[in-house]
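Chemist: everything below, folded, please.
(chains A and B)
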Amino acid sequence: MHRTRNHGGIQFINLRDRYGITQVVISDTAGAEVQELAASLHNEYCISVEGVVAGRPDEMVNSSMDTGEIEVEASTLQILSTCAPIPFQIDEESDAKEDTRLKYRFLDLRSGGMQKRIKLRHDFIRAIREFLSERDFYEIETPTLIKSTPEGARDFLVPSRIYPGKFYALPQSPQLLKQILMVSGFDKYFQIARCYRDEDARGDRQLEFTQLDLEMSFVKRDDVLSLMEELFHDVFRKTIGYETEKTFLRLTWEEAMNTYGVDKPDLRYDLPLQDFSTLALEGSFATFTDAIENGGTVKVIKAPASESVAFSRKFITSLEEAAKVYKAKGLAWMKVNAEGHLEGGISKFFSHIEEKILGFTGARPGDMLLFVADSWRVTCAALGAVRVKLAKDLSLIDTSRFAFCWIIDFPLFEYNEEESHWEAAHHMFSMPQDQYIDTLEEDPGSVKGDLYDLVLNGNEVASGSIRIHDVELQKRIFRICNFPDDVAEERFGFLLNAFKYGAPPHGGIAPGIDRMVMIMAGETSIKEVIAFPKNTAAVSPMDDSPSYVDQQQLDDLHLIIKKDEKA
RNA sequence: GAGGGUGUAGCGAAGCUGGUUAUCGCGACGGCCUGUCACGCCGUAGAUCGCGGGUUCGAGUCCCGUCACUCUCGCCA
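Modeler: Got it, this is the predicted structure:
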């Protein structure tokens, strides 16, 4: 029972189920007994009503309600279950704090919004299964108790009762198993796979999450990309009636970093970054020239004049704060005044090349230019953050769009300063691009991989690659990543062994289901599309996991708990 | 590991520079009401202001500490 309105002689009940709300009328015709029982009803009771569905009198039609033209004239009423006082009201969207919503998730899930999002998630997964099944993919389950392999994130470990001191790990993804399925001849595989990574949670990250895991044999990069383009075109149309582009824009990693400052650009707005280094050298602003002499880069972004937001000191400071999060030391600026001249900020260092700057940036009266000078990485990241904040604050985001793009040609390796060795930027099973294969070891940092990410509205929603299927090449990659042959053999021997037996070339991708549904639902937290999520402290407030276990369970698992130093 | 924000009744909020009995809406409880649909009207109860300490004649308000939640950096291929 959603709500009731008792007028003494007549009572209305809004009866709610998964499909919506229908009005029940309790009037004289129901009889005194039913009327009396109805008067005792409270919100969220579970009730059973029998009666006649009838059209409402003309003037009583409620046009704002799907079922507003009819009502049920009750003849019998039964209380199936009463309800304790509820901690928050159940409406379309709950206004309770997230913590409270999670503690009483069974109530929160009754809200219209949660019901819709869970349905959307179901529809999305169903459409994916249908699309891929029609294309001859097999859905194959892989184990959730696997060997712990060093792949990047921390593993969740499961102690073995039978083998003291040995552990299973929960998969960070079915990566190695799906590659082995390729060796086994299942050349088109997918799975709606749960993945586990023991790292800190975020708004768009849970420690367990769901991927569409997918792999194909005998494919090149473009085969995977075009399959995904068709898949999402089909699935978006079927689930939310949105027509995506037939093909998605492709940017190289370098292009994306240079133009948008991130490897996951939001293309619902433009606001490109421009390289200002050449012009900076013509000016006399020491911060810029110093940065360039130290091998750095100066970049500029143009903030278009806004009617609603003044480019005040306070506003610029808030942008500078955004830049500083990404290690920029500051944010330089200049404005174009009504006469079309540069003024304020650092403009005095550049007055002699005003024309060039205005031409280069296309800045018009009322616009503002914002600069960061630092190492290439810091400059890109910091100004990229400024770009995102500008788009939000100046309301430049077209929220009706779903803007997909591919990011390709990622670096294969990055250097781990703390541990002084190279490691895989993506994972160690991705294929280097052909032109680098002979000389991998000479300059790992310059090697581009056959890697691709799918980006949607500024979120990384899928990541994949063409894989290595050659034992020797795989071993070379392991060696570069500080896994000598004996260690690699111990950790990944089963994969190397499989590759000895006629492994086909293969590649795949893994779109994140939670994130995609989140974006489709217009939400900014994946908790809104997960029935039972955990909070940022990795706790489930409803069942209070994680929890302590009995000593007997620990004994069975041969575990001794070290006393916390703080305790 | 680090930074920002929040914490006042079951829920959501207000409470200005410290000053009577901590305010409002929703909800709950009791009553009235025959066409409502966020029904309406009358009434009642409900708060150690997250917790601990300090400053003060006096603390929801100021200071220190601490806990919880949340966002972000790190981390997460």
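Chemist: what segments of the stretch 1-150 of chain A are helices?
Modeler: A:32-39, A:98-103, A:105-108, A:112-134 (DSSP state H, counting those that start in this stretch).
Chemist: tell me the mean pLDDT for the last one?
Modeler: Confidence over helix A:112-134, taken as the mean pLDDT, stands at 97.
Chemist: so does it get close to RNA strand B?
Modeler: No: residues of helix A:112-134 contacting RNA strand B under Cβ under 7 Å from any atom of the strand: none, with a closest distance of 12.3 Å. The C-beta positions use only the backbone N, C-alpha and C, and glycine is treated the same way.
Chemist: which residues of the stretch 401-550 of chain A lie near RNA strand B?
Modeler: A:424, A:425, A:426, A:427, A:463, A:525, A:527, A:535, A:536, A:537, A:539, A:541.
Chemist: the third one reaches residue A:408, doesn't it?
Modeler: No: the criterion here is Cβ atoms under 8 Å, and residue A:426 misses it with residue A:408 at 11.9 Å.
Chemist: now do the shared contacts for these two.
Modeler: Between them, residue A:426 and residue A:408 share these contacting residues under Cβ atoms under 8 Å, 6 or more residues apart in numbering: residue A:451.
Chemist: quick one: the strands in the stretch 251-400 of chain A?
Modeler: Applying DSSP state E, counting those that start in this stretch to the stretch 251-400 of chain A gives strands spanning A:273-275, A:297-303, A:332-336, A:342-343, A:368-374.
Chemist: let me know which of these is the nearest to RNA strand B.
Modeler: Of all the strands of the stretch 251-400 of chain A, strand A:368-374 sits nearest to RNA strand B, with 14.1 Å by Cβ to the nearest atom of the strand.
Chemist: and that closest one, what does it pack against?
Modeler: helix A:286-293, strand A:297-303, helix A:313-325, strand A:332-336, helix A:376-393 (3 or more Cβ pairs under 8 Å, 6 or more residues apart in numbering; DSSP states H and E).
Chemist: now with 6 Å?
Modeler: With contacts taken as 3 or more Cβ pairs under 6 Å, 6 or more residues apart in numbering; DSSP states H and E, strand A:368-374 sits against helix A:286-293, strand A:297-303, strand A:332-336, helix A:376-393.
Chemist: that strand to strand A:297-303, inter-axis angle?
Modeler: Interaxial angle of strand A:368-374 relative to strand A:297-303 (axes from the mean of the first three to the mean of the last three Cα atoms, to 10 degrees): 160 degrees.
Chemist: pull up the pairing partners for strand A:368-374, direction included.
Modeler: Strand A:368-374 has the following strand partners under DSSP bridges: strand A:297-303 (antiparallel), strand A:332-336 (antiparallel).
Chemist: stretch A:236-246: how far from the chain's middle?
Modeler: 19 Å (Cα atoms, centre = their mean, to the nearest Å).
Chemist: and the residue of the stretch 251-400 of chain A found nearest RNA strand B, how many neighbours?
Modeler: In the stretch 251-400 of chain A, no residue comes nearer to RNA strand B than residue A:325, which is 5.0 Å away by Cβ to the nearest atom of the strand. By other Cβ atoms under 10 Å, the residues close to residue A:325 number 10.
Chemist: ok, it to residue A:203 distance?
Modeler: 16 Å (Cβ to Cβ, to the nearest Å).
Chemist: which residues in the stretch 151-300 of chain A form helices?
Modeler: Counting by DSSP H, counting those that start in this stretch, one finds helices in the stretch 151-300 of chain A at the ranges A:175-183, A:221-240, A:253-260, A:277-282, A:286-293.
Chemist: closest one to residue A:356 among the ones you listed?
Modeler: helix A:277-282 (6.2 Å; Cβ to Cβ).
Chemist: packing partners for the closest one?
Modeler: strand A:297-303.
Chemist: counting by contacts, list what the lengthiest strand in chain A packs against.
Modeler: Secondary structure of chain A read by DSSP state E shows that its longest strand is strand A:70-81. Here strand A:70-81 touches strand A:20-26, helix A:32-39, strand A:46-55, going by 3+ Cβ pairs under 6 Å, 6+ apart.
Chemist: report the inter-axis angle for the shortest one versus helix A:112-134.
Modeler: Angle between the axes of strand A:20-26 and helix A:112-134 is 130 degrees (criterion: the same axes, to 10 degrees).
Chemist: how about the last one?
Modeler: Using the same axes, to 10 degrees, the direction of strand A:46-55 lies 80 degrees away from that of helix A:112-134.
Chemist: roughly how far does the nearest residue to residue A:558 once chain neighbours are set aside sit from residue A:538?
Modeler: Closest residue to residue A:558 apart from its sequence neighbours, by Cβ to Cβ, 6 or more residues apart in numbering: residue A:164 at 4.0 Å. With distances taken as Cβ to Cβ, residue A:164 is found 27 Å from residue A:538.
Chemist: and these two? Which one has more around it.
Modeler: residue A:538 (14 against 10).
Chemist: now that one: how far from residue A:201?
Modeler: The gap separating residue A:538 from residue A:201 is 6 Å, by Cβ to Cβ.
Chemist: could you name every residue contacting both of these two?
Modeler: Taking Cβ atoms under 6 Å, 6 or more residues apart in numbering as the criterion, residue A:538 and residue A:201 both touch residue A:207.
Chemist: and the residue nearest to residue A:558, what are its phi and psi?
Modeler: The phi/psi pair for residue A:164 (degrees, to the nearest 10) reads phi -50, psi 130.
Chemist: I'd like the average pLDDT over stretch A:417-436.
Modeler: Stretch A:417-436 carries an average pLDDT of 90.
Chemist: off-centre distance for it?
Modeler: 24 Å.
Chemist: and stretch A:41-58, what's buried?
Modeler: Applying a neighbour-count criterion of 16 or more other Cβ atoms under 10 Å, one finds A:41, A:44, A:45, A:47, A:49, A:51 buried in stretch A:41-58.
Chemist: ok, and which of the strands paired with strand A:368-374 has the densest surroundings?
Modeler: Per residue and on average, the most neighbours among the strands paired with strand A:368-374 fall to strand A:297-303, with a mean of 25 (mean count of other Cβ atoms under 10 Å).
Chemist: pull up the pairing partners for the longest strand of chain A, direction included.
Modeler: Strands flanking strand A:70-81 in the sheet, each with its direction: strand A:20-26 (parallel), strand A:46-55 (antiparallel) (DSSP bridges).
Chemist: is it anywhere near RNA strand B?
Modeler: Yes: using Cβ under 7 Å from any atom of the strand, we find that strand A:70-81 touches RNA strand B at residue A:71.
Chemist: that strand to helix A:32-39, inter-axis angle?
Modeler: Per the same axes, to 10 degrees, the angle that strand A:70-81 makes with helix A:32-39 is 80 degrees.
Chemist: list the buried residues of strand A:70-81.
Modeler: Within strand A:70-81, the residues that count as buried by 16+ other Cβ under 10 Å are A:71, A:72, A:74, A:77.
Chemist: what are the boundaries of the helices in the stretch 351-500 of chain A?
Modeler: A:354-361, A:376-393, A:471-480, A:485-499.
Chemist: can I get the first one in CSV? Just the C-alpha atoms.
Modeler: Listed in CSV are the C-alpha atoms of helix A:354-361, where the atom choice follows Å, rounded to 0.1, in the frame of the first residue of the first chain:
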residue,chain,number,x,y,z
GLU,A,354,48.1,40.4,-28.8
GLU,A,355,47.0,39.9,-32.4
LYS,A,356,48.8,36.6,-32.7
ILE,A,357,47.2,35.3,-29.5
LEU,A,358,43.7,36.4,-30.5
GLY,A,359,44.1,34.8,-33.8
PHE,A,360,45.5,31.6,-32.4
THR,A,361,42.8,31.1,-29.8
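Chemist: so which residues make contact with it?
Modeler: Outside helix A:354-361, the residues within contact range by Cβ under 6 Å, 6+ apart are A:302, A:342, A:350, A:369.
Chemist: let's go with 8 Å and repeat that
Modeler: A:274, A:276, A:279, A:282, A:300, A:302, A:336, A:340-342, A:350, A:363, A:367, A:369.
Chemist: show me which of the residues you listed neighbour RNA strand B.
Modeler: Within the contacts of helix A:354-361, nothing lies near RNA strand B by Cβ under 7 Å from any atom of the strand.
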